[in-house]
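**Student:** below are the sequence and a predicted model for it; my questions follow.
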Amino acid sequence: MIRDYKEKDFLFGEENFDEEMATRVKPLLEKVVEGNFLGYDNKKIHYYYLKNEEEKASVVISHGFCEFFPKYHELMYYFYEVGYSVFYIEHRGHGYSYRETKDLDRVHATRFQSYVDDLKIFVDQVVKEISTS
């Protein structure tokens, strides 16, 4: 069932955040699928997705610098609940994707364009393939 975003119980606030995350978001996250694809330079890039069988469209989340997937769990829940399939790329240097440095506390990419090139491959190959299947 796709929720109407106007339902007053749809969004949850700080007063019951932990409970709502545990009862609404966590069960949905059990359906998240993980995978890898080869970036522009054949390096492993990690991703997550949640396919909505009643999808209106797909949403791709491209995180910011030094961010990671758990920060977006609540957002993924909201998009899914209103009818979208949600895809999340874990950019190089982050999470389980290829790193140019062994220091896990450091994010480094030789060129910013590598993020753009990887994202294009992700959308063109992974998102489109899964969305149309």
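**Tutor:** That came through fine.

**Student:** so what's the closest residue to residue 33 other than its chain neighbours scoring on pLDDT?
**Tutor:** Among residues not flanking residue 33 along the chain, residue 49 sits closest, at 5.5 Å (CB to CB, 6 or more residues apart in numbering). The way it works is simple: take the backbone N, C-alpha and C, and place the C-beta from them, glycine included. pLDDT recorded at residue 49 is 98.

**Student:** in its sheet, which strands sit next to whichever strand or helix holds residue 49, and in what direction?
**Tutor:** Here residue 49 sits within strand 44-50, counting by DSSP states H and E. According to DSSP bridges, strand 44-50 forms sheet pairs with strand 33-38 (antiparallel), strand 84-90 (antiparallel).

**Student:** rebuild the ones you listed as JSON lines, extending it with distance to residue 65, mean pLDDT and mean neighbour count.
**Tutor:** Below are the strands paired with strand 44-50 laid out as JSON lines (distance: least, CB to CB, whole Å; pLDDT from 0 to 100; neighbours: other CB atoms under 10 Å):
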{"stretch": "strand 33-38", "distance to residue 65": "21", "mean pLDDT": "98", "mean neighbour count": "13"}
{"stretch": "strand 84-90", "distance to residue 65": "13", "mean pLDDT": "97", "mean neighbour count": "23"}
